[in-house]
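missing the sequence, but the structure's below:
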């Protein structure tokens with residue numbers, strides 16, 4: 001890996017950048033500070049030709065915060081913090097829908113570090129969208145209305161049908177209802193670092209707008225989901241083996257295309273814990289010292 005100065009090459013105005021001249025297995029403090037700054041600016045970063053052992057993968061990811069263990073994905077042997085995402089003829093893709101990771105938690109993930117271990121001969125791209133860019137393109141009356149609303153996020157909306165197909169599905173459903181109950185988050189949240197506003201709904205986990213009737217909620221969510229899908233908000237990565245993608249889960253959504261089925265695809269992912277999403281109204285009424293920090 002070259003020891004030249006790190007360079008950040010933006011892909012679009014809204015989202016995404018390639019980062020070159022960085023070895024993620026050997027990142028000094030100054031370079032890591034630059035990577036974090038680039039992540040806040042571009043929301044998803046792509047690194048190529050990386051060689052990461054499981055220990056190096058976890059060591060780098062842990063510099064962003066405390067690593068998490070996923071409720072569903074299979075962990076790498078002896079490394080529970082690394083989720084192994086394997087799909088083939090017998091294990092069809094299950095992440096081919098737009099989502100922000102684990103918004104069904106009270107404190108969703110802050111970031112993910114995804115490492116490509118085996119890539120299919122065709123297909124398997126991942127797309128990301130900027131939920132801050134999507135917010136900016138809403139009309140002012142729509143922004144004002146949404147800022148006072150909250151939405152439910154439902155773990156079983158995404159994973160319920162998956163569990164029902166498992167031999168122990170009934171027990172897993174029972175545990176999920178206890179361990180991952182519905183949570184509510186503001187529709188518009190304030191990013192804790194950049195202070196930008198984020199349109200915080202996704203079709204995989206967001207089930208209902210709490211303050212509206214079901215008919216009103218369905219109509220508004222349909223409109224917002226369609227709004228988020230504008231190509232101007234998106235960036236797409238055609239993976240190569242040993243690529244690494246890092247994304248800010250608080251400001252983005254992503255979609256892992258399933259167009260490679262039935263071919264084999266293997267990815268290793270580490271996620272980093274985050275904080276409870278804060279809405280615009282809560283931030284406006286927060287003490288000045290808190291607002292200054294964010």
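Looks like it arrived, so ask away. Values in this document were obtained by computation on a predicted structure and should not be read as measured data.

residue 50 in helix, strand or coil?
Here residue 50 is coil, with the state taken from DSSP: H, G, I helix; E, B strand; the rest coil.

ok, now which ones touch it?
The neighbours of residue 50, taking C-beta atoms under 8 Å, 6 or more residues apart in numbering as the test, are 23, 24, 25, 115, 242, 243, 244. Where you see a C-beta, it was placed from the backbone N, CA and C, and this is true even at glycine.

how near is the nearest residue to the fifth one once chain neighbours are set aside to residue 243?
Read that as residue 242. Excluding the flanking residues, the one nearest residue 242 by C-beta to C-beta, 6 or more residues apart in numbering is residue 50, at 5.2 Å. Distance from residue 50 to residue 243, counting by C-beta to C-beta, to the nearest Å: 7 Å.

joint contacts of these two?
Taking C-beta under 8 Å, 6+ apart as the criterion, residue 50 and residue 243 both touch residue 115.

just to revisit the earlier point, okay, the residue nearest to residue 242: pLDDT?
On the pLDDT scale, residue 50 is placed at 98.

ok, now the one 4 residues further on?
The predicted structure scores residue 54 at 97 on the pLDDT scale.

surely it and residue 77 touch.
No. Using C-beta atoms under 8 Å, residue 54 is not in contact with residue 77, being 9.3 Å away.

between these two, point out the one with more neighbours.
residue 54 (16 against 9; other C-beta atoms under 10 Å).

okay, now the sheet partners of the helix or strand harbouring residue 246, with direction.
Assigned by DSSP states H and E, residue 246 belongs to strand 244-248. Neighbouring strands of strand 244-248 in its sheet, by DSSP bridges, are strand 44-47 (antiparallel), strand 109-118 (antiparallel).

JSON lines for the ones you listed, including mean neighbour count and distance to residue 229?
As requested, the strands paired with strand 244-248 are exported to JSON lines (neighbours: other C-beta atoms under 10 Å; distance: least, C-beta to C-beta, whole Å):
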{"stretch": "strand 44-47", "mean neighbour count": "23", "distance to residue 229": "17"}
{"stretch": "strand 109-118", "mean neighbour count": "21", "distance to residue 229": "21"}
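
take the ones you listed and write them to TSV, including distance to residue 219 and mean pLDDT.
Formatted as TSV, the strands paired with strand 244-248 follow (distance: least, C-beta to C-beta, whole Å; pLDDT from 0 to 100):
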stretch	distance to residue 219	mean pLDDT
strand 44-47	30	98
strand 109-118	29	98
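
residue 42 and residue 74: what is the separation?
30 Å.

likewise residue 123?
In terms of C-beta to C-beta, residue 123 sits 22 Å off from residue 74.

which one's more surrounded, those two?
More neighbours surround residue 123 than the other of residue 123 and residue 74, with 16 against 12 (other C-beta under 10 Å).
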